[in-house]
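**Student:** need a structure here:
(chains A and B)
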2 protein chains.
Amino acid sequence: MKNISIIGVGLIGGSFALNLRALYKDAFIQGIDQNDAHIAEAIDLGLIDKKGNLESIGQSDLVVLATPVNAALKLLPNILDRLSPKALAVDMGSTKSTICQAVDGHPKRAQFLANHPIAGTEFSGPSAAHLSLFKNKTNIICDIEKTNPELSKPVLKIFEAMGMNIRYMNSKAHDKHIAYVSHLSHISSFMLGKTVIEKEKNERNIFDMAGSGFESTVRLAKSSPEMWAPIFEQNKANVIETLEEYIQNLNHFKALMESDDFEAIRSEMENTNYIKTILKGIS
Amino acid sequence: MKNISIIGVGLIGGSFALNLRALYKDAFIQGIDQNDAHIAEAIDLGLIDKKGNLESIGQSDLVVLATPVNAALKLLPNILDRLSPKALAVDMGSTKSTICQAVDGHPKRAQFLANHPIAGTEFSGPSAAHLSLFKNKTNIICDIEKTNPELSKPVLKIFEAMGMNIRYMNSKAHDKHIAYVSHLSHISSFMLGKTVIEKEKNERNIFDMAGSGFESTVRLAKSSPEMWAPIFEQNKANVIETLEEYIQNLNHFKALMESDDFEAIRSEMENTNYIKTILKGIS
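**Tutor:** Numbering: from 1, shown residues only, chains lettered A, B, ... in the order given. Got it, this is the predicted structure:
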């Protein structure tokens, strides 16, 4: 694992680069990014060795695709076309069905590993990259049977060396579940932020009255729109389903309030306290 | 400030007791709680000196009402009846209009300070109490003009000594604003937890796929139903209004997704990123 191309040198790509450097002292990493300022910053921060381009992809042993998912979808077939026979392309996106479908008939499909590390923060760009981003995080590999095991094995070892816990899942199941535990959280948080901002034109009131509870619930509303709009687009059907169920639950809660059934509200909250047990497994 | 009664020796009452002890070495604190196990725990933890009762309230210089807001509403008139002429009762509840209205005509109204420290965690009970709970937190005093300044001044000094930043507001404005920045966050979080739990019957999938983003957004769903159901009840009209706006924003987001207007979605999220600027003032 010597020559590596990282496409998209932001939080995820940059953190992956940092980890590769820590594991392989002789790794030579070229970074590709449509934002030249990001490339310059990534070189300054020592994340990458030089600015690369798609034309030189053929010299890479590993190509890491860490762009927003709309760009990844467009780039992947082109990358596979250029890939040398022993090289692997791996993506990092939060949606898996669309990208897997897009290369399903590609002659080099076996050189692609569909991958989603459940890691991230609400910050973005090369300066947000850090070495421990993937440590103890779940990394979901999709449709593993379609990837050449000789190529995927060394990369799975890299993931493990970075501290990731690997799970396998088919891409459709991935997109369905991730809509609930990740995509919906982002929408609920963004819409909470929107609702409060719209109402509280006098910013000082939010400022003074908001506590750590609001801050926690609205944290994801700081996330990058450029990253998230394409995720919602690619996982449209699943996300709409989660949204419908969420809105239905909110309407039900409102109806209980309107009918003064606060005992039912108490009981709903008590049932949902079960989330404590679930979260213990996460943190 | 020697004899103090604390009614409700949970997270808030217990933390207040800890702070009083740190400020007044000779403070004698009696605890009143309908849960005898809480009283025993509070004595063990050194939060209070002994179990008290409403009959001995007349000997207190300060009575701190830190129960759920429905109990506070019932207790306050009774407490005021028993209060000695130089004593003050102060509450800690998250709703202010109802309790202020309830004692508006009470002959000892000037001996009540309506108060809401914006402090708390998702944990509850005496064991959750800690000394730094109020440090650098906003404390909102409502309808200050109705309290005898000779009685309120020393208590405001105590709040300041505990590290609180004091703001003044009328009780109706308090309830309207707090519905947005606190009560709505709790509902959005509880309903997110409910939606995910309902869908993911196979717990293992939540477990493995949920990251720190989900954890943050759903954190408030661990909160105490006994505390929160009465808050929603007392702030019913304001909370329903925030819920309607929140649901409307979610429906709008869903409609944008259904019509494939992901540019509008991107733009909505970009506008809501403004929350970053607001949150900088909180943390």
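**Student:** that's a helix at A:His116, yeah?
**Tutor:** No. Applying DSSP: H, G, I helix; E, B strand; the rest coil, one finds A:His116 to be strand, outside a helix.
**Student:** and the pLDDT at the residue nearest to it when sequence neighbours are not counted?
**Tutor:** Counting by Cβ to Cβ, 6 or more residues apart in numbering or on different chains, A:His116 lies nearest to A:Ile140, which is 4.7 Å off, once chain neighbours are set aside. In this view, the C-beta of every residue, glycine as well, is placed from N, C-alpha and C. pLDDT, A:Ile140: 96.
**Student:** number of residues surrounding A:Lys201?
**Tutor:** Neighbourhood size, A:Lys201 [other Cβ atoms under 10 Å in any protein chain shown]: 8.
**Student:** if we can go back for a sec, now do the phi/psi pair for the residue nearest to A:His116.
**Tutor:** The phi/psi pair for A:Ile140 (degrees, to the nearest 10) reads phi -100, psi 120.
**Student:** I'd say A:Leu131 and A:Phe16 touch.
**Tutor:** No. Judged on Cβ atoms under 8 Å, A:Leu131 makes no contact with A:Phe16 at a distance of 10.4 Å.
**Student:** got the buried residues for stretch A:124-139?
**Tutor:** By neighbour count with 16 or more other Cβ atoms under 10 Å in any protein chain shown, stretch A:124-139 contains the buried residues A:124-129, A:133-134, A:137-139.
**Student:** what's the closest of those to chain B?
**Tutor:** A:Thr138 (5.1 Å; Cβ to the nearest Cβ).
**Student:** and the closest one, what are its bridge partners?
**Tutor:** On the basis of DSSP bridges, A:Thr138 is bridged to A:Asn165.
**Student:** neighbours around A:Leu76, how many?
**Tutor:** 24.
**Student:** so it sits in a helix?
**Tutor:** Yes. According to three-state DSSP, A:Leu76 belongs to a helix.
**Student:** from the buried residues of stretch A:124-139, which has minimum pLDDT?
**Tutor:** Note: of the buried residues of stretch A:124-139, the lowest pLDDT belongs to A:Ser124, at 85.
**Student:** helix, strand, or coil at that one?
**Tutor:** Going by three-state DSSP: A:Ser124 is coil.
**Student:** dump the residue contacts of it.
**Tutor:** By Cβ atoms under 8 Å, 6 or more residues apart in numbering or on different chains, the contact list for A:Ser124 reads A:10-11, A:223-224, A:227.
**Student:** intersect those with the contacts of chain B.
**Tutor:** A:Ser223 (Cβ under 8 Å from any Cβ of the partner chain).
**Student:** all helices of chain A, in order?
**Tutor:** A:11-23, A:36-44, A:69-82, A:97-102, A:149-161, A:171-178, A:184-199, A:203-209, A:212-218, A:225-234, A:236-258, A:262-272, A:275-280 (DSSP state H).
**Student:** what are the buried residues along the longest one?
**Tutor:** It refers to helix A:236-258. Buried-residue list, helix A:236-258, by 16+ other Cβ under 10 Å: A:236, A:238-243, A:245-247, A:249-250, A:253-254, A:256-257.
**Student:** contacting chain B as well, which ones from those?
**Tutor:** Within the buried residues of helix A:236-258, those near chain B by Cβ under 8 Å from any Cβ are A:236, A:239-240, A:242-243, A:245-247, A:249-250, A:253-254, A:257.
**Student:** export those as TSV, with columns for distance to A:Asn115.
**Tutor:** Converted to TSV, these look like this (distance: Cβ to Cβ, whole Å):
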residue	distance to A:Asn115
A:Lys236	21
A:Val239	21
A:Ile240	25
A:Thr242	23
A:Leu243	26
A:Glu245	28
A:Tyr246	28
A:Ile247	32
A:Asn249	32
A:Leu250	34
A:Phe253	37
A:Lys254	40
A:Met257	44
